[in-house]
Structures are given as C-alpha cells and as structure tokens.
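Q: The following block contains a protein sequence and its predicted model.
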Amino acid sequence: MPKGLKPHFWESTSGRTGQPYPLFQVSELLLQETHSLVLTDRVFSDYVVYVDESGDHSLTSINPDFPIFVLAFCVFHKRHYSEMIIPAVEKLKFNYFGHDSVVLHENEIRRQKGQFIFLSQRPVRQEFMGQLDSIMETSNFILIACVVDKVRVPSSEVKVSNPYHIALGFCLNALRGFLAEKQQDQFKTHVIVERRGRLEDRELELEFRRVCDGHHSGKESWPFDVVFADKKANLTGLQLADLVARPVGLSYLRPAQANRAFQLLMKKFYCDGGREKVGKAYEGIGLLVYPPQKAKSLDEPTEAITPIGNPQST
C-alpha cells in the first residue's frame, strides 16, 4: 500500500476480504488542501444542486392520501460531495449488493420491492436503514424544500398553475439567497433534475429559464443552469434527493406522527441565523409552503411563513 494511505474502499480494515467497507474511511491524501491550481477566470460555483419531487403535479385530480406536491433541492459542496458522500454511498451498495449499479429509490426501499426485497427480513432492514441514516446524518448538504398544498391552491390558479413550477420558483429564490451568503451567486451553478418525459422536461426547462431570466419578484437574472439526467445515470445526488422529498411531505401532512427521517433532515434545512439556528429557524427560509395556512388541530399541518404570491404570476 502506498505510504500515507489508510485502507481504501477496496480493502477492509482488517486486511481480510469479505468484510464490510467502512462508509466514511478515505485516504488522508485525498483530504489534504491543494493550492497548485489557481482559477483566475472562474466560471462555476463550489456547489451543485440535485432535485427530486414527491407527489404528482395535477391540481384537478388530487390524491386524498397525499394531496400535496413536494420539491426538494439538495445543495452539495462539490468537494465534500465527491470525496465523502459519493464514496460512502458506493460502499453501502457494495456492502449490500456486491455492485454499484443499484439505484436507491425511496418507494422501492419503503415497499421492499425489486432489488430491495431482502429488506423484508427485519434484522437486515434495521441494519441497512441504520447505515443509510448514518450517510444522511453525516453528509453535509443544504436542504431547500417547498410544499404545495394542492387542496388550498386558489381556484383561480388551478387552470393556470403547475405545482412543480410554483415550487421551483420558491426553491430557486431560496437557493439564490444561500449562494449569496456564500459569495457564490456570481458563478454558474448547475441544478440537476431527473428526466420525466419529453413534454414535461421541455415545459420545466422553459419555466426554469423564464425564472432565471428575471421573471420573478426580484427581477434580476440568476446564473443557474438546468441539467436533465436519466435515472439510469445512477447519480448519487439524485438518489439522496429522492430519499428526502417524501419525509418532508409526511411531516407537513401529519406533524404529530413520528418521522425519524424528518428529524434527521431538520438540521439540513437552509435556515436564518447560521449554525446557531440549525434545526430551528428554517420555516419560511429553507422550508416553504404554498399557500400559507393556519394549523387548526394537532392533525393539521403547522404554518410555515410563506413568500407572498405565486411565482408563476410574475
């Protein structure tokens, strides 16, 4: 083994084969700061964004069991994402499947279907979910999410609004705020979304570019670029985004119900006040709701401070 290297993903800590790979053990050399390359004409920001949704975007046919639409932005620092998060997820896959072509899909994991049928065994499921939770908890990323309560969308907007586009406007605005805090808002940031279909992708791209060209309350242009990726691309960021959207929605629908996944995510939300307010001051900042509403009982969602107006109306 080269000098200075700890056991890497192809070796176990004991030196024996057949042992699980430690999720977060990497080469110390990979983590050393390097300053040999100086970018004088910088183009790209230090961040990349992966997007996924939960729920459908119909305002005329509403599922009573999940009458909302949730859009989730997972914002990763590229270095942490490439050096820590991707290797951890890859090792998880090698440990449980023997290969890394598996796509982590929240629906299949929850229903124990397809390649996740082995999770029907309770001890294995608890171990797997514990490992997955450790990745989510240890991974440093910023979460921005918007919940569109489709039942409460004004009737005047039903025929002209798309929940995905409504949520997109709010999330992009919050993303701009976060990047401005990091002094990264002058550089191009890529927003990766999963392909859904030719028509849907075209409509989404048009809305994305409309917003970024200044068709919003602030009127300024934003240096964001949308990238469409197929699920088969097996991108780690898209898979993590898929895991967070539904728990956010369930927390809104049933706030009194135990939701361990959301408890982990609370500390990821973009919030006001920096690290001192992590897990607390995120409503209306990193967690947005449209339209706003008051909680009337323990079974109703709590109100999140919401930006005024539908971004599609600008």
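A: That came through, no problem.
Q: and Tyr290, backbone torsions?
A: Note on Tyr290: its backbone torsions stand at phi -130, psi 130 [degrees, to the nearest 10].
Q: Kindly report the same for Val147.
A: phi -100, psi 120.
Q: isn't it right next to Pro291, touching?
A: No. Using C-beta atoms under 8 Å, Val147 is not in contact with Pro291, being 10.4 Å away. Placement of C-beta: from N, CA and C, glycine included.
Q: who has more neighbours, these two?
A: Set Val147 next to Pro291 and count neighbours by other C-beta atoms under 10 Å: Val147 wins out with 28 against 15.
Q: any idea how far that one is from Val70?
A: 5 Å (C-beta to C-beta, to the nearest Å).
Q: okay, and the common contacts of the two?
A: Listed as contacting both Val147 and Val70 by C-beta atoms under 8 Å, 6 or more residues apart in numbering are Ala167, Val248, Gly249, Tyr252.
Q: Name all residues that make contact with Arg198.
A: Listed by C-beta under 8 Å, 6+ apart, the contact set of Arg198 is empty.
Q: How confident was the prediction at it?
A: We have a pLDDT of 94 for Arg198.
Q: Over to Arg125?
A: The score at Arg125 is 96. That number is its pLDDT.
Q: wait, what's in contact with it?
A: Counting by C-beta under 8 Å, 6+ apart, Arg125 makes contact with Gln112, Leu119.
Q: Phe118 too?
A: Tyr96, Gln112, Val124.
Q: does it count as helix, strand or coil?
A: What DSSP: H, G, I helix; E, B strand; the rest coil gives for Phe118 is helix.
Q: returning to that earlier point: what would the contacts of Phe118 look like in JSON lines with secondary structure, distance to Glu220 and neighbour count?
A: As requested, the contacts of Phe118 are exported to JSON lines (DSSP: H, G, I helix; E, B strand; the rest coil; distance: C-beta to C-beta, whole Å; neighbours: other C-beta atoms under 10 Å):
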{"residue": "Tyr96", "secondary structure": "helix", "distance to Glu220": "46", "neighbour count": "18"}
{"residue": "Gln112", "secondary structure": "coil", "distance to Glu220": "47", "neighbour count": "13"}
{"residue": "Val124", "secondary structure": "helix", "distance to Glu220": "51", "neighbour count": "12"}
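Q: now the strands for the stretch 51-200 of the chain?
A: Using DSSP state E, counting those that start in this stretch, the strands of the stretch 51-200 of the chain run over 68-77, 141-149, 188-194.
Q: Figure out which of these is closest to Ile62.
A: Of all the strands of the stretch 51-200 of the chain, strand 68-77 sits nearest to Ile62, with 9.0 Å by C-beta to C-beta.
Q: partners of the closest one in the sheet?
A: Using DSSP bridges, strand 68-77 pairs in its sheet with strand 44-54 (antiparallel), strand 141-149 (antiparallel).
Q: Kindly compare burial across those and name the winner.
A: Greatest average neighbour count among the strands paired with strand 68-77 goes to strand 141-149 (a mean of 26), per mean count of other C-beta atoms under 10 Å.
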